[in-house]
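> Sequence and predicted model, in that order:
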Amino acid sequence: PLGGSSAFGEVVAAIAEHAFTSSPLPVILSLEMHCSTKQQEKIANELNDRLGDLLSRSNRVASTPLRELHRKVLIKMRLDKGGVTTDPLLRSLV
């Protein structure tokens, strides 16, 4: 569970602050969605607001040279088995 927007926001803020302190290699956030589209929108906004330019916007991460992914956060997302429609902003981050 999301555990409240502020708890999720605190986790994302900690990632933004500490993700690259020991290595420039990309960080992969694996999100499994078991929430409503409204909650997904909140998640997308938290990720965008707190990570900003750290988020990878590449549509082809697998073919992107590793050097270009340094200091980037990659989002991996899996929807629940019910196939909840994903928020467009969140979908753009995957």
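Received the coordinates, thanks. Numbers count the residues shown, from 1 in each chain.
> Buried residues, the helix or strand where Ala16 lies. List them.
Secondary structure from DSSP states H and E places Ala16 in helix 5-18. Using 16 or more other Cβ atoms under 10 Å as the test for burial, helix 5-18 gives Phe8, Gly9, Val12, Ile15, Ala16. (Glycine included, C-beta is placed from N, CA and C.)
> From the centroid of this structure, which residue is nearest?
Nearest to the mean C-alpha position of the chain, by Cα atoms, centre = their mean, lies Ile75 at 4.1 Å.
> Pretty sure it sits against Leu55.
Yes - here Ile75 reaches Leu55: they are 7.1 Å apart, a contact under Cβ atoms under 8 Å.
> And the closest residue to Lys72 other than its chain neighbours, how far from Ala7?
Residue nearest to Lys72 in three dimensions, not counting chain neighbours: Ser56, with 4.2 Å by Cβ to Cβ, 6 or more residues apart in numbering. From Ser56 across to Ala7, the span is 24 Å (Cβ to Cβ, to the nearest Å).
> if we can go back for a sec, would you list the buried residues of helix 5-18 in TSV and tack on pLDDT?
As requested, these are arranged in TSV below (pLDDT from 0 to 100):
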residue	pLDDT
Phe8	86
Gly9	88
Val12	93
Ile15	94
Ala16	95
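> residue ranges for the strands of this protein, please.
Along the chain, counting by DSSP state E, strands occupy 27-33, 73-79.
> Deepest-packed of the ones you listed, please.
Mean neighbours per residue, mean count of other Cβ atoms under 10 Å, is largest over the strands of the chain for strand 73-79, with a mean of 16.
> Which of the strands of the chain comes out lowest on mean pLDDT?
Mean pLDDT is lowest for strand 73-79 among the strands of the chain, at a mean of 83.
> before we move on, the earlier item: can you tell me which of the strands of the chain comes nearest to Arg50?
Arg50 sits nearest to strand 73-79 of all the strands of the chain, at 10.0 Å, using Cβ to Cβ.
> That closest one versus helix 5-18: what angle between them?
Angle of strand 73-79 versus helix 5-18, following axes from the mean of the first three to the mean of the last three Cα atoms, to 10 degrees, is 150 degrees.
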